[in-house]
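In: test case, fold it:
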Amino acid sequence: MVELVEAKKELILKIEIENENLQNLKSIYQRNRSYLKSRLMSLPKYYEKQREDIHKTRARSFLKWKEEIDYIALQLQRQLHDMESEDIIGLKKQEEFFKEKLADIDILLKENKDLKVSNKIDKLVGFKPTSENFTNLPALQEYSRPKFHEKTFEDFKMKDYFGEISGRRLLEYPAYRVQNVEEVKINKKILLKHPSVLYKTNLKSMSIEGGFESLNSIVHFTYNRIWVGERTCLVLVDFNGVLIDRVDTASFGNCLALSSKGYLLFNNTKENTIDEILCDRSFSTIISAGAWVPQGFACTSAGELFVCLYKKDDSKVAKYTETGELISEYQYDKENRLLFTAPDCIAVNVNNDICTTDLGISAVVIIKSCGELRFTYDGKSLSKLKREFLPTSIATDRYGHILIADSNNSYIHVISSEGEFLQLMSLKNSIECPFSVCVADEKFLVIGEKRSGIMYVTKYLKKHL
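Out: Numbers count the residues shown, from 1 in each chain. Just a heads-up that it's a prediction; the model follows:
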């Protein structure tokens, strides 16, 4: 009997690990599907805008070259129609794939949930993990969007001077494998002291309307794509800095995050809200903080949202559902002492601890999910620091590392989930001011400099376990 109980415990643990793998895969598949849905929804509007541009040019030139212009415009309209049809077919096919896989994952999660509470030992013994079937993600393919370029004409070369549709490039993002959950010992030996720079891009050189003033926040989206927060707009770029998408906002604070469904969230410090950008590019308010100003926030794969809030001389961290329902607040410890003075950025690590940068005390505060203080890190014992430790951004990875951008000293501090200092990380060619950090695909550390607008994509691990 004892052996059966132990065997059941081992099988239940195996199921729990499998469910964690499936939940992680579900989040990734949802993120990719939401991106494809967003592109599908924006395609008709984009192509309609190109058609409108063609029509306006045609109208301006109509009196002089009516017959010839009609012919050219018709050919271009047909060309756009064929491209649009091809784009929609390709994106729908890929979106349908992720939709089907998500349905399969939901079925498996339900079956595993029922199996966990089942008393049928034969079914438990016969359990076989299936997440391996979903770990290989296909390559995503989409054409870059064609754009109508208006031209003026002064001679008889009508088509040359009226305009043309720019050629499209097939943008393919390589397939990759998602690593499953596994036990990994925290080991400073897997960290590179000087991360190697794989890509370096100056986002200020991007050709976008209104220019690009400063890099305020970054978050990894999917494949090799990064959402970047600027003063009045949010841009999606790849590792090479190629502009893929743009969303204009009336007000953006200093933080971006992705919901468990793959939607982009940003803080609106004018309205004291956290807003969600839907597939049709409309905004939906998730959290209205009232008199509290939302600063940094982080989402978990379980659908929890942790937000740093402040007003005047008061501050706290609040935990919400992704629909905006308040779950709990963290402000005082058991002795009624303040946990934070000025929480600014936040992340959740592998232990489900809440990791917060506190600018009021120039430190990082780590608390347990129950609200108990775990430890505080201020970097004061490090002789290499020439100036006061200034933590402006924080990220975590699956290996238990907590990575902290120190803008005053041009270092990335790396500590373990237990508070052990592991190392100071710097680039070989130095970073002027590491303002934002995020981990991409558990392989890359992305570092953003606010003032210069430079984004580094680096390899920071000696190997990927």
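
In: going by C-alpha atoms from here, please, whenever you check contacts or count neighbours.
Out: Fine.

In: how is the chain carved up into domains?
Out: As given by automatic domain parsing, the domain ranges for the chain are 2-176, 183-461.

In: gap between the last one and the chain center?
Out: This points to domain 183-461. Mean C-alpha position of domain 183-461 versus that of the full chain (CA atoms, centre = their mean, to the nearest Å) differs by 10 Å.

In: give the rounded mean pLDDT of that domain.
Out: Average pLDDT, domain 183-461: 88.

In: please enumerate the helices of the stretch 1-150 of the chain.
Out: 2-116, 121-125 (DSSP state H, counting those that start in this stretch).

In: in TSV: those, plus mean neighbour count, mean pLDDT and distance to residue 140.
Out: Output for those, formatted as TSV (neighbours: other CA atoms under 10 Å; pLDDT from 0 to 100; distance: least, CA to CA, whole Å):
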stretch	mean neighbour count	mean pLDDT	distance to residue 140
helix 2-116	16	85	7
helix 121-125	13	79	37
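
In: of those helices, which approaches residue 384 most closely?
Out: Closest approach to residue 384 among the helices of the stretch 1-150 of the chain (CA to CA): helix 2-116, 38.3 Å.

In: what's that closest one packed up against?
Out: Helix 2-116 is packed against helix 121-125, strand 140-143, strand 148-150, helix 158-162, strand 163-165, with contacts defined by 3 or more CA pairs under 8 Å, 6 or more residues apart in numbering; DSSP states H and E.

In: which residues touch the third one?
Out: Strand 148-150 is contacted from outside by 50-51, 53-54, 57, 161-166, using CA atoms under 8 Å, 6 or more residues apart in numbering.

In: count the neighbours of residue 216 for me.
Out: For residue 216, the neighbour count with other CA atoms under 10 Å is 22.

In: that one and residue 311, how far apart?
Out: Using CA to CA, to the nearest Å, residue 216 is found at 21 Å from residue 311.

In: now do the SS call for the nearest residue to residue 385 once chain neighbours are set aside.
Out: Excluding its sequence neighbours, the residue lying closest to residue 385 (CA to CA, 6 or more residues apart in numbering) is residue 409, at 6.2 Å. Under DSSP: H, G, I helix; E, B strand; the rest coil, residue 409 falls in the coil class.

In: my guess is residue 409 contacts residue 382. True?
Out: No: counting by CA atoms under 8 Å, residue 409 stays clear of residue 382, with 11.3 Å between them.

In: give me the more crowded residue out of these two.
Out: Using other CA under 10 Å as the criterion, residue 409 and residue 382 rank with residue 409 on top: 20 against 12.

In: backbone dihedrals for residue 259, please?
Out: With angles defined as degrees, to the nearest 10, residue 259 sits at phi -70, psi 170.

In: returning to that earlier point: deepest-packed of the domains of the chain, please.
Out: Burial of the domains of the chain is given as mean neighbour count (mean count of other CA atoms under 10 Å); domain 183-461 ranks first at a mean of 19.

In: out of the contacts of strand 148-150, who's nearest residue 331?
Out: Using CA to CA, the contacts of strand 148-150 come closest to residue 331 at residue 50, 52.1 Å.

In: now for the strand with the most length in the chain, which elements pack on it?
Out: Once the chain is assigned using DSSP state E, the strand that runs over the most residues is strand 191-202. Packing partners of strand 191-202 (3+ CA pairs under 8 Å, 6+ apart): strand 421-425, strand 454-461.

In: any chance of those strands in JSON lines, plus distance to residue 361?
Out: As requested, the helices and strands packed on strand 191-202 are exported to JSON lines (distance: least, CA to CA, whole Å):
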{"stretch": "strand 421-425", "distance to residue 361": "18"}
{"stretch": "strand 454-461", "distance to residue 361": "28"}
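
In: quick one, which of the ones you listed gets closest to residue 243.
Out: So among these, strand 454-461 is nearest, using CA to CA, at 13.3 Å.

In: give me the beta-bridge partners of residue 199?
Out: In this entry, residue 199 is beta-bridged to residue 457, by DSSP bridges.

In: OK, contacts around it?
Out: 239-240, 455-458.

In: one step back: report the contact partners of the residue nearest to residue 385.
Out: Applying CA under 8 Å, 6+ apart to residue 409 gives the contacts 385-390, 433.

In: go again using 10 Å as the cut-off
Out: Contacts for residue 409 (CA atoms under 10 Å, 6 or more residues apart in numbering) come out as 384-391, 426, 431-434.

In: try residue 285
Out: Residues in contact with residue 285, defined by CA under 10 Å, 6+ apart, are 265-268, 273-277, 323-324.

In: hmm, 6 Å instead?
Out: 274-275 (CA atoms under 6 Å, 6 or more residues apart in numbering).

In: what about it, distance to residue 273?
Out: Distance, residue 285 to residue 273, by CA to CA: 7 Å.

In: repeat that for residue 121.
Out: From residue 121 to residue 273 the distance is 50 Å (CA to CA).

In: one step back: nearest to residue 208, out of the helices and strands packed on helix 2-116?
Out: If you check each of the helices and strands packed on helix 2-116 against residue 208 by CA to CA, strand 148-150 wins as the nearest, at 16.3 Å.

In: sheet partners, orientation included, of that closest one?
Out: Neighbouring strands of strand 148-150 in its sheet, by DSSP bridges, are strand 163-165 (antiparallel).

In: thanks again, I'm all set now.
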